[in-house]
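Novice: here you go, sequence then predicted model.
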Amino acid sequence: MNILSVEGLNFRYNSLEVLSDITFGVETGDYVGLVGPNGSGKTTLIKIILGLMKPRKGNFSIFGVNSWKFQDWHRVGYLPQRTLFNPFFPATVKEIVSLGLSSMKFRKELHKPEEPMIDEAMRLMDVLDIKSKLIGDLSGGQLQRVLAARALVNEPELLILDEPTTAFDPETREKFFRTLQELNHNKKVTVILVTHDIGSIGKFASKLLYLDKRIIFYGSFENFCSSADMGSYFGEFAQHLICHRHD
Amino acid sequence: MLILDFLHYEFILRALITGSFIALVCSLLGVLLVLRRFSLIGDGLAHVTFGSVAIGLLLKQHPVYISIPIVMLSSLGILKLTEKARLYGDAAIGIISSLGIAGGILIASIAGGFNVDLFSYLFGNILAISEAEVLASIALSFVVLVIILLFYNEHFSTTFDEEFAKVSGINTKKINSMLVLLTGITVVLAMKVVGIMLTSALLILPAVTALQIAKSFKHAMVISSIIAIASVSIGIYFSLMLNLPTGATIVMINLLTFITAFLFRNALQRMR
(Lines give C-alpha, C1' and ligand atoms only; values in the text may rest on other atoms or scores of the structure.)
Protein backbone atom coordinates (compact mmCIF):
# COMPACT_ATOMS: atom_id res chain seq x y z
CA MET A 1 0.00 0.00 0.00
CA ASN A 2 1.24 3.48 -0.84
CA ILE A 3 1.80 5.46 2.34
CA LEU A 4 2.61 8.51 0.21
CA SER A 5 1.55 9.25 -3.38
CA VAL A 6 2.76 12.31 -5.25
CA GLU A 7 1.40 13.08 -8.71
CA GLY A 8 2.36 15.81 -11.18
CA LEU A 9 3.74 18.14 -8.50
CA ASN A 10 5.11 21.52 -9.63
CA PHE A 11 6.54 24.32 -7.52
CA ARG A 12 8.02 27.73 -8.35
CA TYR A 13 9.66 30.48 -6.30
CA ASN A 14 8.47 33.55 -8.22
CA SER A 15 9.56 32.70 -11.77
CA LEU A 16 12.17 30.12 -10.77
CA GLU A 17 11.04 26.56 -11.34
CA VAL A 18 12.07 24.45 -8.34
CA LEU A 19 10.14 21.23 -8.89
CA SER A 20 8.72 20.01 -12.14
CA ASP A 21 6.27 17.16 -12.73
CA ILE A 22 7.21 15.11 -9.66
CA THR A 23 5.39 11.78 -9.53
CA PHE A 24 6.28 8.91 -7.21
CA GLY A 25 4.88 6.65 -4.52
CA VAL A 26 6.32 5.39 -1.24
CA GLU A 27 5.09 2.05 0.08
CA THR A 28 4.72 1.02 3.72
CA GLY A 29 8.08 -0.18 5.03
CA ASP A 30 10.14 1.55 2.33
CA TYR A 31 13.39 3.26 3.23
CA VAL A 32 13.86 5.95 0.61
CA GLY A 33 17.08 7.88 0.22
CA LEU A 34 16.22 11.27 -1.29
CA VAL A 35 19.39 12.62 -2.86
CA GLY A 36 20.40 15.37 -5.23
CA PRO A 37 22.73 18.34 -5.57
CA ASN A 38 22.31 21.67 -3.71
CA GLY A 39 19.21 23.53 -4.88
CA SER A 40 17.70 20.41 -6.44
CA GLY A 41 14.44 20.88 -4.49
CA LYS A 42 14.84 18.14 -1.87
CA THR A 43 13.87 20.28 1.14
CA THR A 44 11.10 22.00 -0.87
CA LEU A 45 9.62 18.61 -1.75
CA ILE A 46 9.73 17.56 1.92
CA LYS A 47 8.09 20.80 3.02
CA ILE A 48 5.30 20.39 0.47
CA ILE A 49 4.68 16.84 1.68
CA LEU A 50 4.52 18.11 5.26
CA GLY A 51 2.03 20.84 4.35
CA LEU A 52 4.48 23.67 5.10
CA MET A 53 4.43 24.91 1.49
CA LYS A 54 1.73 24.87 -1.15
CA PRO A 55 2.51 23.46 -4.61
CA ARG A 56 1.52 25.37 -7.73
CA LYS A 57 0.14 22.23 -9.32
CA GLY A 58 -0.24 18.58 -8.50
CA ASN A 59 -1.84 16.20 -6.03
CA PHE A 60 -0.54 14.10 -3.25
CA SER A 61 -1.94 11.93 -0.51
CA ILE A 62 -0.61 10.65 2.80
CA PHE A 63 -1.96 7.40 4.26
CA GLY A 64 -4.52 7.42 1.45
CA VAL A 65 -5.94 10.82 2.46
CA ASN A 66 -5.72 13.90 0.24
CA SER A 67 -3.05 16.19 1.61
CA TRP A 68 -5.44 19.11 2.19
CA LYS A 69 -7.74 16.86 4.23
CA PHE A 70 -4.98 15.12 6.17
CA GLN A 71 -5.16 15.75 9.90
CA ASP A 72 -3.32 12.82 11.51
CA TRP A 73 0.07 14.49 11.61
CA HIS A 74 0.94 12.49 14.72
CA ARG A 75 1.48 9.52 12.35
CA VAL A 76 4.38 11.45 10.82
CA GLY A 77 7.73 12.21 12.46
CA TYR A 78 9.88 15.05 11.14
CA LEU A 79 13.45 16.09 11.74
CA PRO A 80 14.18 19.41 10.00
CA GLN A 81 17.45 20.29 8.28
CA ARG A 82 18.28 22.82 10.96
CA THR A 83 16.32 24.42 13.72
CA LEU A 84 17.14 28.04 14.37
CA PHE A 85 16.31 28.50 18.00
CA ASN A 86 17.19 30.91 20.73
CA PRO A 87 20.20 29.43 22.60
CA PHE A 88 18.85 30.98 25.79
CA PHE A 89 15.51 29.18 25.44
CA PRO A 90 14.97 27.72 28.92
CA ALA A 91 13.96 24.19 27.95
CA THR A 92 15.38 20.87 29.06
CA VAL A 93 16.12 17.95 26.77
CA LYS A 94 13.11 16.09 28.16
CA GLU A 95 10.79 19.06 27.57
CA ILE A 96 11.94 19.35 23.95
CA VAL A 97 11.47 15.63 23.30
CA SER A 98 7.97 15.81 24.80
CA LEU A 99 7.04 18.46 22.19
CA GLY A 100 6.51 15.59 19.76
CA LEU A 101 3.41 14.79 21.82
CA SER A 102 2.12 18.33 22.06
CA SER A 103 -0.81 18.15 19.64
CA MET A 104 -4.01 18.13 21.67
CA LYS A 105 -5.69 15.80 19.12
CA PHE A 106 -2.90 13.28 19.61
CA ARG A 107 -2.96 13.56 23.40
CA LYS A 108 -6.70 12.88 23.38
CA GLU A 109 -6.27 9.79 21.20
CA LEU A 110 -3.24 8.50 23.08
CA HIS A 111 -4.37 5.71 25.35
CA LYS A 112 -1.08 5.07 27.10
CA PRO A 113 1.12 7.07 29.47
CA GLU A 114 3.39 9.66 27.84
CA GLU A 115 6.38 9.27 30.21
CA PRO A 116 7.54 5.82 28.96
CA MET A 117 7.24 7.05 25.34
CA ILE A 118 9.44 10.06 26.10
CA ASP A 119 11.98 7.88 27.95
CA GLU A 120 12.07 5.35 25.09
CA ALA A 121 12.69 8.06 22.45
CA MET A 122 15.48 9.54 24.61
CA ARG A 123 16.98 6.05 25.08
CA LEU A 124 16.87 5.35 21.33
CA MET A 125 18.78 8.55 20.60
CA ASP A 126 21.10 8.12 23.56
CA VAL A 127 20.11 11.34 25.34
CA LEU A 128 18.50 9.84 28.45
CA ASP A 129 21.48 10.71 30.65
CA ILE A 130 21.28 14.40 29.69
CA LYS A 131 17.48 14.73 30.00
CA SER A 132 17.64 17.52 32.60
CA LYS A 133 20.22 19.60 30.73
CA LEU A 134 19.19 22.90 29.18
CA ILE A 135 19.28 22.74 25.38
CA GLY A 136 21.50 25.82 25.26
CA ASP A 137 24.22 23.78 27.01
CA LEU A 138 24.29 21.02 24.36
CA SER A 139 26.75 20.45 21.53
CA GLY A 140 25.48 20.48 17.92
CA GLY A 141 25.48 16.67 17.77
CA GLN A 142 23.64 16.30 21.09
CA LEU A 143 21.03 18.83 20.01
CA GLN A 144 20.46 17.00 16.73
CA ARG A 145 19.94 13.74 18.64
CA VAL A 146 17.44 15.50 20.91
CA LEU A 147 15.52 16.75 17.87
CA ALA A 148 15.65 13.23 16.41
CA ALA A 149 14.15 11.91 19.67
CA ARG A 150 11.42 14.57 19.35
CA ALA A 151 10.64 13.19 15.87
CA LEU A 152 10.45 9.62 17.19
CA VAL A 153 8.55 10.13 20.45
CA ASN A 154 5.08 9.81 18.87
CA GLU A 155 6.07 6.42 17.39
CA PRO A 156 5.45 7.65 13.82
CA GLU A 157 4.59 5.35 10.93
CA LEU A 158 6.29 7.68 8.46
CA LEU A 159 9.57 9.32 9.40
CA ILE A 160 10.91 12.20 7.30
CA LEU A 161 14.47 13.32 8.03
CA ASP A 162 16.11 16.23 6.27
CA GLU A 163 19.90 15.87 6.37
CA PRO A 164 19.86 14.66 9.97
CA THR A 165 23.49 13.71 10.40
CA THR A 166 25.36 16.90 9.44
CA ALA A 167 26.28 17.65 13.09
CA PHE A 168 27.23 14.03 13.92
CA ASP A 169 30.69 12.53 14.26
CA PRO A 170 31.22 9.33 12.18
CA GLU A 171 30.53 7.00 15.12
CA THR A 172 27.26 8.73 16.08
CA ARG A 173 26.25 8.83 12.41
CA GLU A 174 26.74 5.07 12.07
CA LYS A 175 24.79 4.43 15.27
CA PHE A 176 21.98 6.76 14.12
CA PHE A 177 21.67 5.01 10.76
CA ARG A 178 21.61 1.61 12.52
CA THR A 179 18.77 2.81 14.80
CA LEU A 180 16.81 3.97 11.76
CA GLN A 181 17.40 0.64 10.07
CA GLU A 182 16.14 -1.22 13.14
CA LEU A 183 13.00 0.92 13.26
CA ASN A 184 12.46 0.28 9.56
CA HIS A 185 13.03 -3.49 9.82
CA ASN A 186 11.48 -4.28 13.19
CA LYS A 187 8.67 -1.74 13.47
CA LYS A 188 8.01 -1.24 9.75
CA VAL A 189 8.51 2.51 10.07
CA THR A 190 8.64 4.02 6.57
CA VAL A 191 11.65 6.30 6.24
CA ILE A 192 12.36 9.15 3.82
CA LEU A 193 15.89 10.36 4.38
CA VAL A 194 17.21 13.46 2.62
CA THR A 195 20.96 13.43 2.27
CA HIS A 196 23.85 14.66 0.18
CA ASP A 197 25.74 11.51 0.94
CA ILE A 198 24.74 9.31 -1.97
CA GLY A 199 27.71 7.05 -1.20
CA SER A 200 26.61 5.97 2.28
CA ILE A 201 22.83 6.01 1.78
CA GLY A 202 23.15 2.85 -0.30
CA LYS A 203 24.12 0.92 2.83
CA PHE A 204 20.73 1.54 4.41
CA ALA A 205 18.04 2.60 1.97
CA SER A 206 15.95 0.20 -0.07
CA LYS A 207 15.07 2.82 -2.67
CA LEU A 208 16.80 5.82 -4.17
CA LEU A 209 15.07 8.98 -5.36
CA TYR A 210 17.51 11.19 -7.25
CA LEU A 211 16.11 14.67 -7.66
CA ASP A 212 17.37 17.58 -9.70
CA LYS A 213 14.27 19.77 -10.01
CA ARG A 214 12.71 16.72 -11.68
CA ILE A 215 13.04 13.05 -10.87
CA ILE A 216 16.20 11.69 -12.47
CA PHE A 217 15.82 8.25 -10.94
CA TYR A 218 13.40 6.49 -8.64
CA GLY A 219 13.63 2.82 -7.85
CA SER A 220 15.61 0.16 -6.04
CA PHE A 221 19.36 0.31 -5.68
CA GLU A 222 19.68 -2.81 -7.76
CA ASN A 223 17.91 -1.10 -10.64
CA PHE A 224 20.01 2.02 -10.16
CA CYS A 225 23.22 0.01 -10.30
CA SER A 226 22.21 -1.90 -13.42
CA SER A 227 20.77 1.12 -15.25
CA ALA A 228 22.74 2.11 -18.32
CA ASP A 229 20.93 5.50 -18.30
CA MET A 230 22.25 6.23 -14.80
CA GLY A 231 25.69 5.07 -15.89
CA SER A 232 25.72 7.68 -18.61
CA TYR A 233 24.10 10.35 -16.37
CA PHE A 234 26.53 10.01 -13.44
CA GLY A 235 29.46 8.49 -15.29
CA GLU A 236 30.25 4.84 -14.86
CA PHE A 237 32.92 5.49 -12.25
CA ALA A 238 30.52 7.37 -9.94
CA GLN A 239 27.83 4.76 -10.44
CA HIS A 240 30.30 2.02 -9.56
CA LEU A 241 31.42 3.92 -6.46
CA ILE A 242 27.84 4.29 -5.19
CA CYS A 243 26.95 0.71 -5.96
CA HIS A 244 30.17 -0.65 -4.52
CA ARG A 245 29.41 1.09 -1.19
CA HIS A 246 25.93 -0.39 -1.32
CA ASP A 247 27.30 -3.92 -1.60
CA MET B 1 3.10 50.48 59.79
CA LEU B 2 3.32 46.69 59.51
CA ILE B 3 2.37 44.81 56.34
CA LEU B 4 -0.57 43.16 58.11
CA ASP B 5 -1.93 46.56 59.14
CA PHE B 6 -2.23 47.49 55.48
CA LEU B 7 -4.49 44.51 54.86
CA HIS B 8 -7.16 46.05 57.09
CA TYR B 9 -7.78 48.65 54.42
CA GLU B 10 -10.22 47.43 51.81
CA PHE B 11 -8.76 49.53 49.01
CA ILE B 12 -5.30 48.03 49.61
CA LEU B 13 -6.68 44.51 49.68
CA ARG B 14 -8.54 45.17 46.42
CA ALA B 15 -5.36 46.50 44.84
CA LEU B 16 -3.32 43.52 46.03
CA ILE B 17 -5.79 40.91 44.77
CA THR B 18 -6.41 42.59 41.40
CA GLY B 19 -2.75 43.43 40.92
CA SER B 20 -1.70 39.87 41.68
CA PHE B 21 -4.14 38.37 39.18
CA ILE B 22 -3.11 40.78 36.43
CA ALA B 23 0.59 40.37 37.22
CA LEU B 24 0.19 36.59 37.05
CA VAL B 25 -1.28 36.59 33.51
CA CYS B 26 1.22 39.26 32.40
CA SER B 27 4.11 37.13 33.62
CA LEU B 28 2.94 33.97 31.85
CA LEU B 29 2.23 35.74 28.56
CA GLY B 30 5.49 37.64 28.99
CA VAL B 31 7.58 34.44 28.92
CA LEU B 32 5.95 33.42 25.61
CA LEU B 33 6.27 36.90 24.08
CA VAL B 34 9.90 37.44 25.15
CA LEU B 35 10.96 34.05 23.79
CA ARG B 36 9.25 34.82 20.48
CA ARG B 37 11.01 38.21 20.37
CA PHE B 38 7.58 39.78 20.29
CA SER B 39 7.66 41.42 23.71
CA LEU B 40 7.22 44.98 22.43
CA ILE B 41 3.68 44.09 21.34
CA GLY B 42 2.77 45.05 24.92
CA ASP B 43 4.13 48.54 24.37
CA GLY B 44 2.40 48.88 20.99
CA LEU B 45 -0.94 47.71 22.32
CA ALA B 46 -0.59 50.00 25.34
CA HIS B 47 -0.33 52.91 22.90
CA VAL B 48 -3.49 51.68 21.19
CA THR B 49 -5.07 51.64 24.66
CA PHE B 50 -4.27 55.35 24.90
CA GLY B 51 -6.32 55.97 21.74
CA SER B 52 -9.16 53.75 22.88
CA VAL B 53 -9.28 55.37 26.33
CA ALA B 54 -9.64 58.71 24.54
CA ILE B 55 -12.56 57.26 22.53
CA GLY B 56 -14.13 55.98 25.77
CA LEU B 57 -13.78 59.36 27.47
CA LEU B 58 -15.16 61.13 24.39
CA LEU B 59 -18.19 58.82 24.29
CA LYS B 60 -18.51 59.03 28.10
CA GLN B 61 -18.25 55.24 28.36
CA HIS B 62 -15.99 53.24 30.67
CA PRO B 63 -12.60 53.23 28.87
CA VAL B 64 -11.81 49.60 29.84
CA TYR B 65 -14.90 48.24 28.10
CA ILE B 66 -14.24 50.35 24.99
CA SER B 67 -10.54 49.47 25.00
CA ILE B 68 -10.81 45.68 25.15
CA PRO B 69 -12.41 45.14 21.69
CA ILE B 70 -10.29 47.89 20.05
CA VAL B 71 -7.03 46.55 21.48
CA MET B 72 -7.96 42.95 20.59
CA LEU B 73 -8.63 44.00 16.99
CA SER B 74 -5.36 45.90 16.91
CA SER B 75 -3.47 42.85 18.20
CA LEU B 76 -4.88 40.84 15.30
CA GLY B 77 -3.94 43.73 13.00
CA ILE B 78 -0.29 43.44 14.12
CA LEU B 79 -0.36 39.70 13.46
CA LYS B 80 -1.93 40.12 10.00
CA LEU B 81 0.60 42.80 9.07
CA THR B 82 3.48 40.45 9.89
CA GLU B 83 1.85 37.62 7.94
CA LYS B 84 0.45 39.43 4.91
CA ALA B 85 2.49 42.61 4.43
CA ARG B 86 5.88 40.87 4.77
CA LEU B 87 6.78 43.04 7.75
CA TYR B 88 8.87 42.10 10.74
CA GLY B 89 7.00 42.14 14.05
CA ASP B 90 8.69 45.33 15.30
CA ALA B 91 7.64 47.30 12.19
CA ALA B 92 4.05 46.04 12.44
CA ILE B 93 3.96 46.98 16.14
CA GLY B 94 5.36 50.42 15.24
CA ILE B 95 2.58 51.06 12.71
CA ILE B 96 -0.28 50.08 15.04
CA SER B 97 1.37 51.79 18.00
CA SER B 98 1.74 55.15 16.24
CA LEU B 99 -1.81 54.85 14.96
CA GLY B 100 -3.01 54.46 18.57
CA ILE B 101 -1.07 57.45 19.86
CA ALA B 102 -1.95 59.71 16.90
CA GLY B 103 -5.63 58.71 17.19
CA GLY B 104 -5.61 59.42 20.93
CA ILE B 105 -4.01 62.85 20.50
CA LEU B 106 -6.45 63.80 17.73
CA ILE B 107 -9.48 62.70 19.76
CA ALA B 108 -8.18 64.52 22.87
CA SER B 109 -7.64 67.63 20.77
CA ILE B 110 -11.10 67.46 19.18
CA ALA B 111 -12.69 66.99 22.61
CA GLY B 112 -10.71 69.92 24.02
CA GLY B 113 -8.63 67.74 26.38
CA PHE B 114 -9.71 65.34 29.08
CA ASN B 115 -7.66 66.80 31.95
CA VAL B 116 -7.09 64.45 34.91
CA ASP B 117 -8.92 61.35 33.59
CA LEU B 118 -6.52 60.61 30.76
CA PHE B 119 -3.54 61.02 33.12
CA SER B 120 -4.92 58.44 35.55
CA TYR B 121 -4.89 55.94 32.69
CA LEU B 122 -1.47 57.00 31.47
CA PHE B 123 0.17 56.44 34.85
CA GLY B 124 -2.26 54.00 36.49
CA ASN B 125 -3.80 54.08 39.92
CA ILE B 126 -4.51 50.65 41.25
CA LEU B 127 -5.33 52.00 44.71
CA ALA B 128 -8.35 53.76 43.23
CA ILE B 129 -9.73 50.65 41.54
CA SER B 130 -13.48 50.21 41.93
CA GLU B 131 -15.26 47.02 43.02
CA ALA B 132 -16.71 46.51 39.53
CA GLU B 133 -13.24 46.87 38.02
CA VAL B 134 -11.88 44.36 40.54
CA LEU B 135 -14.48 41.79 39.56
CA ALA B 136 -14.03 42.40 35.83
CA SER B 137 -10.24 42.20 36.15
CA ILE B 138 -10.31 38.98 38.18
CA ALA B 139 -12.84 37.37 35.82
CA LEU B 140 -10.87 38.29 32.69
CA SER B 141 -7.54 37.33 34.27
CA PHE B 142 -9.04 33.99 35.23
CA VAL B 143 -10.23 33.40 31.64
CA VAL B 144 -6.77 34.29 30.26
CA LEU B 145 -5.10 32.04 32.84
CA VAL B 146 -7.31 29.03 32.05
CA ILE B 147 -6.75 29.43 28.30
CA ILE B 148 -2.95 29.64 28.76
CA LEU B 149 -2.89 26.52 30.95
CA LEU B 150 -5.27 24.60 28.66
CA PHE B 151 -3.09 25.28 25.61
CA TYR B 152 0.24 25.20 27.48
CA ASN B 153 1.79 22.47 25.29
CA GLU B 154 0.66 24.12 22.05
CA HIS B 155 2.07 27.49 23.12
CA PHE B 156 5.34 25.91 24.26
CA SER B 157 5.74 24.00 20.98
CA THR B 158 4.88 26.98 18.77
CA THR B 159 7.18 29.26 20.76
CA PHE B 160 10.14 26.89 20.44
CA ASP B 161 9.75 25.83 16.79
CA GLU B 162 6.70 26.96 14.84
CA GLU B 163 7.47 24.79 11.82
CA PHE B 164 7.70 21.62 13.88
CA ALA B 165 4.56 22.60 15.79
CA LYS B 166 2.67 22.81 12.48
CA VAL B 167 3.95 19.42 11.38
CA SER B 168 2.95 17.86 14.68
CA GLY B 169 -0.64 18.87 14.00
CA ILE B 170 -0.91 22.12 15.95
CA ASN B 171 -2.94 24.89 14.35
CA THR B 172 -0.21 27.50 14.84
CA LYS B 173 -2.26 30.29 13.27
CA LYS B 174 -4.91 29.75 15.92
CA ILE B 175 -2.28 29.63 18.67
CA ASN B 176 -0.64 32.86 17.43
CA SER B 177 -4.00 34.64 17.24
CA MET B 178 -4.87 33.37 20.70
CA LEU B 179 -1.58 34.70 22.10
CA VAL B 180 -2.01 38.23 20.71
CA LEU B 181 -5.70 38.39 21.69
CA LEU B 182 -4.91 37.34 25.26
CA THR B 183 -2.09 39.90 25.29
CA GLY B 184 -4.57 42.56 24.14
CA ILE B 185 -6.96 41.82 27.01
CA THR B 186 -4.10 41.70 29.51
CA VAL B 187 -2.61 45.02 28.36
CA VAL B 188 -5.95 46.74 28.94
CA LEU B 189 -6.22 45.18 32.41
CA ALA B 190 -2.61 46.12 33.27
CA MET B 191 -3.37 49.76 32.43
CA LYS B 192 -5.02 50.16 35.86
CA VAL B 193 -2.05 48.64 37.69
CA VAL B 194 0.92 50.51 36.24
CA GLY B 195 -0.63 52.77 33.59
CA ILE B 196 -0.42 52.80 29.81
CA MET B 197 3.16 54.10 29.86
CA LEU B 198 4.52 51.18 31.90
CA THR B 199 2.32 48.26 30.85
CA SER B 200 5.00 46.52 28.83
CA ALA B 201 7.22 46.41 31.94
CA LEU B 202 4.75 44.03 33.60
CA LEU B 203 4.95 41.76 30.56
CA ILE B 204 8.70 41.90 30.00
CA LEU B 205 10.49 42.29 33.36
CA PRO B 206 9.25 39.23 35.31
CA ALA B 207 9.82 37.09 32.20
CA VAL B 208 13.39 38.26 31.52
CA THR B 209 14.22 37.89 35.22
CA ALA B 210 12.94 34.32 35.20
CA LEU B 211 14.95 33.57 32.04
CA GLN B 212 18.15 34.50 33.91
CA ILE B 213 17.76 31.66 36.39
CA ALA B 214 15.22 29.15 35.03
CA LYS B 215 16.26 25.52 34.67
CA SER B 216 13.35 24.53 32.40
CA PHE B 217 10.43 26.09 30.53
CA LYS B 218 7.97 25.19 33.29
CA HIS B 219 10.41 26.59 35.84
CA ALA B 220 10.57 29.88 33.85
CA MET B 221 6.76 30.17 33.94
CA VAL B 222 6.63 29.51 37.70
CA ILE B 223 9.50 31.89 38.57
CA SER B 224 8.07 34.62 36.35
CA SER B 225 4.68 34.31 38.10
CA ILE B 226 6.20 34.42 41.59
CA ILE B 227 8.35 37.47 40.73
CA ALA B 228 5.40 39.30 39.17
CA ILE B 229 3.07 38.74 42.13
CA ALA B 230 5.80 39.55 44.67
CA SER B 231 6.77 42.74 42.80
CA VAL B 232 3.18 43.99 42.73
CA SER B 233 2.71 43.27 46.44
CA ILE B 234 6.06 44.78 47.50
CA GLY B 235 5.54 47.72 45.11
CA ILE B 236 2.14 48.54 46.62
CA TYR B 237 3.60 48.28 50.15
CA PHE B 238 6.55 50.58 49.44
CA SER B 239 4.47 53.09 47.49
CA LEU B 240 2.21 53.46 50.54
CA MET B 241 5.10 53.54 53.00
CA LEU B 242 7.12 56.11 51.05
CA ASN B 243 4.19 57.93 49.43
CA LEU B 244 5.35 57.13 45.89
CA PRO B 245 3.32 56.50 42.73
CA THR B 246 2.27 52.82 42.83
CA GLY B 247 2.75 51.91 39.15
CA ALA B 248 6.26 53.29 38.93
CA THR B 249 7.23 51.68 42.28
CA ILE B 250 6.03 48.27 41.05
CA VAL B 251 8.11 48.65 37.87
CA MET B 252 11.19 49.71 39.89
CA ILE B 253 10.85 46.66 42.16
CA ASN B 254 10.64 44.51 39.02
CA LEU B 255 13.75 46.16 37.64
CA LEU B 256 15.68 45.63 40.89
CA THR B 257 14.69 41.95 40.84
CA PHE B 258 15.97 41.66 37.28
CA ILE B 259 19.32 43.25 38.20
CA THR B 260 19.64 40.95 41.23
CA ALA B 261 18.92 37.85 39.12
CA PHE B 262 21.36 39.00 36.45
CA LEU B 263 24.14 39.56 39.01
CA PHE B 264 23.34 36.27 40.74
CA ARG B 265 23.60 34.33 37.48
CA ASN B 266 26.87 36.01 36.57
CA ALA B 267 28.34 35.30 40.02
CA LEU B 268 27.23 31.68 39.72
CA GLN B 269 28.88 31.35 36.32
CA ARG B 270 32.13 32.81 37.63
CA MET B 271 32.14 30.36 40.55
CA ARG B 272 31.85 27.35 38.20
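Specialist: The structure has been received and is ready for your questions.
Novice: mind listing the strands for chain A?
Specialist: Secondary structure of chain A (DSSP state E): strands at A:2-13, A:16-27, A:31-35, A:57-62, A:65-66, A:76-79, A:158-162, A:190-195, A:207-211, A:215-220.
Novice: how about the helices in chain A?
Specialist: Taking DSSP state H, the helices of chain A run over residues A:42-49, A:93-98, A:104-109, A:114-124, A:140-152, A:170-186, A:198-201, A:221-226, A:228-234, A:236-246.
Novice: dump these into a markdown table; add mean neighbour count and distance to chain B as well.
Specialist: In this view, the C-beta of every residue, glycine as well, is placed from N, C-alpha and C. A markdown table is the format used below for those (neighbours: other CB atoms under 10 Å in any protein chain shown; distance: least, CB to the nearest CB, whole Å):
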| stretch | mean neighbour count | distance to chain B |
| --- | --- | --- |
| helix A:42-49 | 22 | 8 |
| helix A:93-98 | 25 | 5 |
| helix A:104-109 | 13 | 6 |
| helix A:114-124 | 17 | 10 |
| helix A:140-152 | 23 | 7 |
| helix A:170-186 | 15 | 18 |
| helix A:198-201 | 19 | 23 |
| helix A:221-226 | 16 | 29 |
| helix A:228-234 | 14 | 33 |
| helix A:236-246 | 15 | 31 |
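Novice: still on that earlier bit, could the strands of chain A go into TSV alongside mean neighbour count?
Specialist: Converted to TSV, those look like this (neighbours: other CB atoms under 10 Å in any protein chain shown):
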stretch	mean neighbour count
strand A:2-13	17
strand A:16-27	17
strand A:31-35	24
strand A:57-62	18
strand A:65-66	11
strand A:76-79	25
strand A:158-162	22
strand A:190-195	23
strand A:207-211	22
strand A:215-220	17
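Novice: which one of those strands lies nearest to chain B?
Specialist: Checking the strands of chain A against chain B by CB to the nearest CB gives strand A:76-79 as the closest, at 4.6 Å.
Novice: who does the closest one touch, helix- and strand-wise?
Specialist: Strand A:76-79 sits against helix A:140-152, strand A:158-162, helix B:162-167, with contacts defined as 3 or more CB pairs under 8 Å, 6 or more residues apart in numbering or on different chains; DSSP states H and E.
Novice: low-confidence ranges in the chain?
Specialist: No chain was given, so I picked chain A. A:83, A:104-111, A:244-247 (pLDDT under 70).
Novice: could you do chain B instead?
Specialist: B:1-2, B:113-117.
Novice: A:Ser40 touches A:Arg214, doesn't it?
Specialist: No: A:Ser40 is beyond contact range of A:Arg214, at 9.2 Å (criterion: CB atoms under 8 Å).
Novice: between those two, who's got more neighbours?
Specialist: A:Ser40 (20 against 15; other CB atoms under 10 Å in any protein chain shown).
Novice: make TSV from the helices and strands packed on strand A:76-79 and add distance to B:Ile78 to it.
Specialist: TSV is the format used below for the helices and strands packed on strand A:76-79 (distance: least, CB to CB, whole Å):
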stretch	distance to B:Ile78
helix A:140-152	30
strand A:158-162	31
helix B:162-167	16
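Novice: looking at these, which is nearest to B:Val31?
Specialist: helix B:162-167 (16.3 Å; CB to CB).
Novice: what about the following helix or strand past the closest one, near chain A?
Specialist: Later in the chain than helix B:162-167, the nearest helix or strand by DSSP states H and E is helix B:172-194. No: against chain A, helix B:172-194 shows no contacts by CB under 8 Å from any CB of the partner chain, the least distance being 10.4 Å.
Novice: report the angle between the axes of the next helix or strand along the chain from helix B:172-194 and helix B:172-194?
Specialist: Beyond helix B:172-194 in the direction of the C-terminus, DSSP H and E gives the next helix or strand as helix B:199-213. Angle, helix B:199-213 to helix B:172-194, by axes from the mean of the first three to the mean of the last three CA atoms, to 10 degrees: 110 degrees.
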